[in-house]
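[1] Dropping a prediction and its sequence here:
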Amino acid sequence: MSNSTNVSNLSFAQNASSFEQKYTPVETALIVTVLGTIIFMSIAGNTLVCIAIFTDRALRRTNNLFLVSLAVADMMVATLVMTFAVANDVMGYWWFNIEFCNVWISFDIICSTASILNLCAISLDRYIHIRNPLHYEMWMTKKKLAFMITSVWLCSALLGFVPINMGWHRIGMEDISTNHHDSQICQMELNPTYAVVSSFISFYLPCIVMVTIYIQLFRYAQKHVKSIRKMDRLNQVASNGTKTHTSYKVSDHKAARTLGIIMGVFLLCWVPFFTINIISSFCPTCIPVMLFNTFTWLGYSNSSLNPIIYSIFNQEFREAFRKILCLHRCPKISSQLNIRKGGSPYKDKDTAPYRDTDIVRFNDVSSDDIHLNNSFNCASSLRKGSRGPLMEKITTL
């Protein structure tokens with residue numbers, strides 16, 4: 001939602017070269033480098049998310065379609081909005097076709113709104129999954145998920161395309177012209193009604209929902225941890241009491257940090273823009289253009305940070321990214337865990353713990369499964385010579 005568009009106020013550039021240079025060459029190079037980095041990170045990061053979800057078996061879950069929708073919205077922000085915003089902001093005039101100005105602004109509002117609404121949908125999905133995991137699959141069907149994603153994009157399209165192209169954003173405004181005889185200007189002028197309504201739907205309402213959800217999740221997690229600690233104190237033995245208590249403290253810290261990063265980055269990126277967006281509609285001369293553009297790009301940068309916040313902190317995504325970026329050249333830890341016939345330390349095959357398997361390979365076991373089962377089940381299963389839960393994921397060749 002950049003500081004852009006009003007076709008009625010655009011004047012045609014007869015000689016763009018006569019337009020006064022807005023920045024020095026050094027400043028231009030620095031600005032283009034910074035903004036170009038944001039664009040590259042947005043495209044690369046979100047493309048990686050989509051590839052990981054569609055190619056990695058562990059990530060090919062229905063609810064991850066929310067992340068795909070978010071990644072698509074962020075990629076559209078980068079390709080359809082940021083690229084043209086760089087030229088418009090750096091050069092100081094609209095170099096592209098005059099009819100494309102409204103189209104660009106429509107994409108700006110649609111894609112940015114879709115990105116924010118997808119974040120809201122993801123938070124709602126995770127809230128339902130955590131609070132009622134047993135009934136999650138029953139409630140969150142593919143049809144309901146598709147309906148939610150479709151609603152996000154439909155709402156974004158209605159908010160961005162129709163009002164801008166119908167001129168509703170300028171109803172009741174005086175014709176404050178931005179005519180320049182030597183250039184064409186693509187600059188947004190919003191009436192207070194549209195600015196308040198669009199900002200409320202695009203940001204403030206989703207923000208209220210997200211903050212409320214994450215506060216509830218944080219309280220739920222704290223309550224759950226306290227109940228576990230209480231039960232643990234009644235049942236734990238002295239030998240492992242200190243270790244268990246420390247582990248829970250680490251979990252508390254990680255949960256608080258993750259929630260803080262998610263909400264902190266989102267609010268940091270978007271609150272400044274949507275605040276001055278409303279102020280500028282009531283007082284167009286109160287907000288300097290440089291400040292408006294800075295806060296606009298701060299909001300855009302959220303598209304480059306979403307893959308980090310929602311994906312990189314997830315171990316399954318980290319493993320999937322490693323496979324994609326290494327192109328299968330990186331050594332796999334699981335490949336070191338192959339047990340082949342003749343290599344067993346047991347001389348008698350019938351005395352081996354898994355005597356009914358000749359060759360077993362741990363290729364399909366995730367690191368989380370190995371850690372969890374090793375901690376609680378594997379040791380006892382090996383001692384007893386029985387098939388532990390870990391063997392459910394071992395492929396017999």
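    That came in fine, so what should we check first?

[2] Tell me how many other residues surround residue 36.
    The number of residues packed near residue 36 is 13, by other Cβ atoms under 10 Å. C-beta coordinates here come from the backbone N, C-alpha and C atoms, glycine included.

[3] cool, the one 3 residues further on as well?
    Residue 39 sits with 21 neighbouring residues when counted by other Cβ under 10 Å.

[4] Now do the same for it: helix, strand or coil?
    Using DSSP: H, G, I helix; E, B strand; the rest coil, the secondary structure recorded for residue 39 is helix.

[5] right, and it touches residue 85 too?
    No - here residue 39 lies out of contact with residue 85, judged by Cβ atoms under 8 Å, at a distance of 9.4 Å.

[6] which ones are touching residue 40?
    Taking Cβ atoms under 8 Å, 6 or more residues apart in numbering as the criterion, residue 40 is in contact with no other residue.

[7] give me that answer again for 10 Å
    Contacts were defined as Cβ atoms under 10 Å, 6 or more residues apart in numbering; by that measure residue 40 touches 78, 304.

[8] circling back: name the residues contacting each of residue 39 and residue 85.
    Both residue 39 and residue 85 are contacted by 77, 300, under the criterion Cβ under 10 Å, 6+ apart.

[9] got the contact list for residue 112?
    Residues in contact with residue 112 (Cβ under 10 Å, 6+ apart) are 1-2, 73-74, 76-77, 81, 156, 160, 202-203, 270, 273, 296, 299-300, 302-303.

[10] quick one: which of those residues sit in helices?
    Secondary structure assignment (DSSP state H) places 73, 74, 76, 156, 160, 270, 273, 296, 299, 300, 302, 303 from those within helices.

[11] Doesn't residue 187 lie inside a strand?
    No - going by three-state DSSP, the assignment for residue 187 is coil, not a strand.

[12] Now the phi/psi pair for it, please.
    Comment: the main-chain dihedrals of residue 187 come out as phi -130, psi 130, following degrees, to the nearest 10.

[13] Check it and give its pLDDT.
    pLDDT, residue 187: 71.

[14] How about the helix or strand containing residue 220, which residues are buried there?
    If you go by DSSP states H and E, residue 220 is part of helix 205-235. Residues of helix 205-235 classed as buried by neighbour count (16 or more other Cβ atoms under 10 Å): 206, 207, 209, 210, 213, 214, 217, 218, 221, 229.

[15] circling back: would you list the buried entries among the contacts of residue 112?
    Buried members of the contacts of residue 112, counted by 16+ other Cβ under 10 Å: 1-2, 73-74, 76-77, 81, 156, 160, 202-203, 270, 273, 296, 299-300, 302-303.

[16] for residue 308, what are its contacts?
    By Cβ under 10 Å, 6+ apart, the contact list for residue 308 reads 41, 45, 261, 265.
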